[in-house]
Structures are given as C-alpha cells and as structure tokens.
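J.: My questions are about this predicted structure, shown below with the sequence.
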Amino acid sequence: MSVIYVLDILGTFAFAVSGALVALDKKLDIFGVIIIAFVTAVGGGMLRDVLINAHPINWIGDLNYLYTIFTAVLFTFLFKSKIAYLSKTMFLFDTVGLGVFTLLGLEKGLSYNLHPIIALIMGMTSAVFGGVLRDVLTNKVPLIFEKEIYASACLAGGIIYLLVYQFTIIPENINFIISASVVIIIRAVAVKFNLELPKIKDDLFTKS
Amino acid sequence: MSVIYVLDILGTFAFAVSGALVALDKKLDIFGVIIIAFVTAVGGGMLRDVLINAHPINWIGDLNYLYTIFTAVLFTFLFKSKIAYLSKTMFLFDTVGLGVFTLLGLEKGLSYNLHPIIALIMGMTSAVFGGVLRDVLTNKVPLIFEKEIYASACLAGGIIYLLVYQFTIIPENINFIISASVVIIIRAVAVKFNLELPKIKDDLFTKS
Amino acid sequence: MSVIYVLDILGTFAFAVSGALVALDKKLDIFGVIIIAFVTAVGGGMLRDVLINAHPINWIGDLNYLYTIFTAVLFTFLFKSKIAYLSKTMFLFDTVGLGVFTLLGLEKGLSYNLHPIIALIMGMTSAVFGGVLRDVLTNKVPLIFEKEIYASACLAGGIIYLLVYQFTIIPENINFIISASVVIIIRAVAVKFNLELPKIKDDLFTKS
C-alpha cells in the first residue's frame, strides 16, 4: 500500500498543478488559484465519498492531501515559466494520478460492498470529477467531454481490475498495478496519437 | 407501488433521452453523452438523497436506474433522426417523469419525517435539479430559470398532495396519482399555450 | 448565542437579497430568483454540513432560514428600485454575514472535532460558497475569484479565532465577536480602498 500511497500523493500533486495552471491562465487571484487547485485535486474523491457516505471524506480524514496541494500551488507559482519545459513530467504525474485514482476509488467502492458496476463508476468519478469541477468553476465546458480518450481509459482499467478480481487468484496489489498501468498506457497512447472517441455525426443516421 | 415504479422508470428514460439530446447537440463524445444523460436522469434524486442523508442514494441502491439510462442513450443514438417525430411521445414521458419524480421525492421526504415544507422542496429538487445539472455541465444558464412554468407545476402538485394528505382520508396511492396529474396537466397546458411566470420588469417599481 | 443567532439571520437575509438582485439582473423568473436567493444564502452552510456529515443540514434543521429567504425575496421585489439607496445598509448586512458565517462554520467544525485547519476551511466554505454557487448557476466566473479581498478576510478572521482559542483564556463568545469583527473590518477596508490580492503576472517569473 505504501507505493500506492506515494503514487496517490504524486497524482494529487499533478492534479493540483493542472488546476493551478488553468486558474493562472484565467487570471484568478491567489485565493482563486488555491481553490481551483484544491477542487481539481480532491474534488473527485470528495464526491465519491459523499455519494457512498464514507466519512470522514478524503481530505478531511488525511491532511496530507492539503499539504500536497499547498506545495503544488507554491511549486506552480515558483516554476510557472518552467512548467512548459516540465510538461512531460507533469503529464506523467497526471496520467499516473488518473490510473491510481481510478483504482483507489474502485477498491474503496468494493470495500463498501457496492455492486461492481457502482464501484467502477466510483473509480471513474474519483479520477475525472476533479477536472470537471475545475472546468465548471472556471466557466468552461468540461474538457473531459471533449478531449482525447480520458474517462474511457479509466473505464478500461477498471474493467480489467474487476475481471482479474472475479476470475483469477492474482493478489489485489498486483491487480492494482496491472490495471492502473492499463489506464496509464491507454491514456498515453491516446495523447501520443491524438485519438478521440467518435462523435455522433449529425447526419449519421439521417441517410439511408 | 408497481405502477408508480414503472412511471419512475419511464420518467428516468425520458430525462436521460433529454440529457443525451442536449449533449449530442453540444457535440460531446459518447462518454460525455452518457454522463450528461446520467446526471439529467438521476441528478435530482441524488442531490435529494445526499441532503436528507438517505443512503444508499437512488442509483446506488437500485441498478435499474443505470440500466434504464444506458438503454435511453442507446435509443437516442439509434433513433436520433426520428426523435423529432417522436417529440410528442418524449414530451409525454418527460412530463410524466416530472410529476412522478416530484411526488416520489415528496413522499420520501415525509417518510424521513421532514417538515412538509422541506419535503415539498425535496420533491421539487428531485424533479428539476437533474435538468439544472445538465445545463450547468454544458455551460448554459439553467433552462429551468428561463422557460415556461416548470418548477411551479411541481410546486402546485406538491401542495395539492400535502393538503389532501393533511385534511382528507384519501389513500396515499390515490393522492399520488391525483397530485402527479396536477403537475402533468399544468405543465402540459403551460407548454401548449406558452405560458410563463411573470418576470420583474426593470421599471416595475421605479414609476410612481 | 442569541445575539449571534440574530446576526446569522441578518447575514442570511443580506446574502439572499444579494442573490435575488443578481437573478433579477439576469432576467430570471420569480422561481429562478427564489432559487438563486436560496443557494446564495444557505449554499455555503449546506456544503459544509454535507462534507462533515452534520445532519440535519442547516436549512433542513431550522426553518427560520427558509422564512428569512422568502422575506428577503419579497423585500427585494418590493424595494428593488430603492435598494440602490440602501446599498450601504445591504453592504453592512452582507459583510456582517460574511464574518458571522465564517465563525459559525469554524466553531461547528471544531465542535465536530475536526483538525483546526479543516475547521478553518469549513468556516470559509460556509461564508463564500453560497456566492460561488450563485455565480455558477447564473453562468459567470465566480466573483470570489476575481474581486477585492473577500475569502482572505474570512481566512484572517478564522486564524485570529484559532490563535485566541489555542493560546488565551478569552471566552469563546468574546473570541467570536473579536474574530468576526476582524473579517468585517478587513472586508470593509478592502472595499473602501478597492484593495485586491495580487495576481501572478504572466511575466513575473519569465524575466531574469
């Protein structure tokens, strides 16, 4: 669990930086930047915990999330001009966060005896809802709805986890690593090759 | 209860289709369409359950909501070009959903021993908040705030229910049908005749 | 507590009026005005109570909030044209609300045995989140992120409270008054002199 906890913190850091960058781009003041960084980083897990009645919720039960977010905001302020050069590192963290958050959320759902489908949705919620909140609060159509394969990577990784969990004797820790890697690889390949989910064309069904 | 459950599912279906149509219109990808359909259909009941601490919340406690939403999204994809022709049917479903959701929410509130005014608000929340969430997530001013009598139809039906409940011996099931019909009729008449609630004119109180 | 309760109600009234004014400006119908007034006035406390699992949440447990909001909406309709002349009074109420809500939220957090930092965040959430919700629902970038010192005033007052609470024997009621006054004074001075938090300039770190 200790490796996963480190990955969780790294993912939180990366999500917080991504929120801070969007907020800076929107010319928000320091407070706005902190709030957006905060909701981006812990918004998904917070919603998950409220929905499944898991109190204390994530950042209330573990202050390390807050400390990580403050550090990430400070980091963003200090290295703003260099983050462009760090973008590969940040993308790596962000993608790791996506994988880890998905699986942590899914496992938490299962530990609350939720139906696997619900646990899967909780995993995806943990991973993507922070970004949705970030975009709603900065008044944009949530990116998640428009960009390359993102939530679908979480879905794929979550399904792998559930299949391995149900039908094999592979230990949970190994399963976690495998499935999180699936999320990370799908996401990385999608960004590399600019893959998108198909959209429904307006005329797709109107011709015959 | 069985008839009401069927109406609940039909209403969920109609709300999910309405969400999917808005998402398609916004050119969201398949995932975005599913998410918007989902929050439109169950967002109101979800908020109600979180606020009154009714766990497991609606769609976590009954998977039929999820199955209904997936079916509705598939239906929307397949019959997108024909839904225009089905708009009367869809409007009927949607309006039935509005009535049924209002009364189900109100009854749930009463069953949690809430004050009738709070139960009334919970009924209206159940009925209208899904649409509000749909509009916030697709970055529009919520329709509910601007269109023909909608929440007010729910309010009227809810008040009828509470009056009958307090002052008569009419059984709850009959009361449910009567009050839901009030919502449906008011809403249908409002759309038919394009009725709107009055807005406060800028000069309403400035002249003397 | 009785004086504080009166201030709480006055703050709720002022926040509801501020919500109603924004909604009127957006040409929402009567229902929209009531809903926006409602979320502005109780949205912050509602979020706080959901996050710390304090049920029944604020407006469900005490109907006086609802009555206050209805009165505020009626007041806004009746005196819309005169509120410009009352703007100093309204600003006073609003600022008092900000101070009182911050400290009430913080004390509630402490009474639930939360870590002081979390309690501080709960105080700020109580004070500012209603305004954030108002702006999200009317499709604006939340004012809080862009205007003069607002959340920072709450932060300062909250920190004063915690320091006095930890390191002195000053009674809680006196501490409440002192710290709420700090919020009110900072906010009033900031508006008077149009003070803002610094923003991060685009070129702040790019020059060397």
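T.: That came through, no problem.
J.: Tell me which residue is most central in chain A.
T.: Residue closest to the mean C-alpha point of chain A, counted by CA atoms, centre = their mean, is A:Ala127 at 2.9 Å.
J.: Helices of chain A, start to end?
T.: Applying DSSP state H to chain A gives helices spanning A:2-25, A:30-51, A:58-61, A:64-83, A:87-111, A:116-137, A:151-167, A:172-192.
J.: Dump those to TSV, plus distance to chain B and mean pLDDT.
T.: In short, each C-beta sits where N, CA and C put it, glycine included. Shown next, in TSV, are these (distance: least, CB to the nearest CB, whole Å; pLDDT from 0 to 100):
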stretch	distance to chain B	mean pLDDT
helix A:2-25	15	87
helix A:30-51	6	93
helix A:58-61	16	93
helix A:64-83	21	90
helix A:87-111	9	87
helix A:116-137	5	91
helix A:151-167	5	93
helix A:172-192	12	90
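J.: Which of the ones you listed sits closest to B:Met90?
T.: helix A:116-137 (25.9 Å; CB to CB).
J.: Briefly note if the closest one comes near chain C.
T.: Yes - using CB under 8 Å from any CB of the partner chain, we find that helix A:116-137 touches chain C at A:136-137.
J.: My understanding was that the residue nearest to the centre of chain A contacts A:Asp94; is that so?
T.: No - the pair A:Ala127 / A:Asp94 is not scored as a contact, 10.6 Å apart, by CB atoms under 8 Å.
J.: so what's the closest residue to A:Gly109 other than its chain neighbours up against?
T.: Excluding the flanking residues, the one nearest A:Gly109 by CB to CB, 6 or more residues apart in numbering or on different chains is A:Ala119, at 3.0 Å. By CB atoms under 8 Å, 6 or more residues apart in numbering or on different chains, the residues touching A:Ala119 are A:105-110, A:162.
J.: do A:Gly158 as well
T.: Contact partners of A:Gly158, counting by CB under 8 Å, 6+ apart, are A:102-103, A:106, A:120, A:123-124, A:179, A:183.
J.: and A:Val189, how many neighbours?
T.: As a burial measure, A:Val189 scores 13 neighbours (other CB atoms under 10 Å in any protein chain shown).
J.: any idea how far it is from chain C?
T.: The spacing between A:Val189 and chain C, counted by CB to the nearest CB, to the nearest Å, is 33 Å.
J.: Stretch A:51-70: end-to-end distance?
T.: 26 Å (CA to CA, to the nearest Å).
J.: That one near chain C anywhere?
T.: Yes - Stretch A:51-70 reaches chain C (CB under 8 Å from any CB) through A:53, A:55-57, A:59-60, A:63, A:66.
J.: Check the gap between A:Phe70 and C:Thr102 for me.
T.: 20 Å (CB to CB, to the nearest Å).
J.: about what we covered before: which of the contacts of A:Ala119 sits closest to C:Ala14?
T.: Of the contacts of A:Ala119, the one sitting nearest to C:Ala14 (CB to CB) turns out to be A:Gly105, at 39.5 Å.
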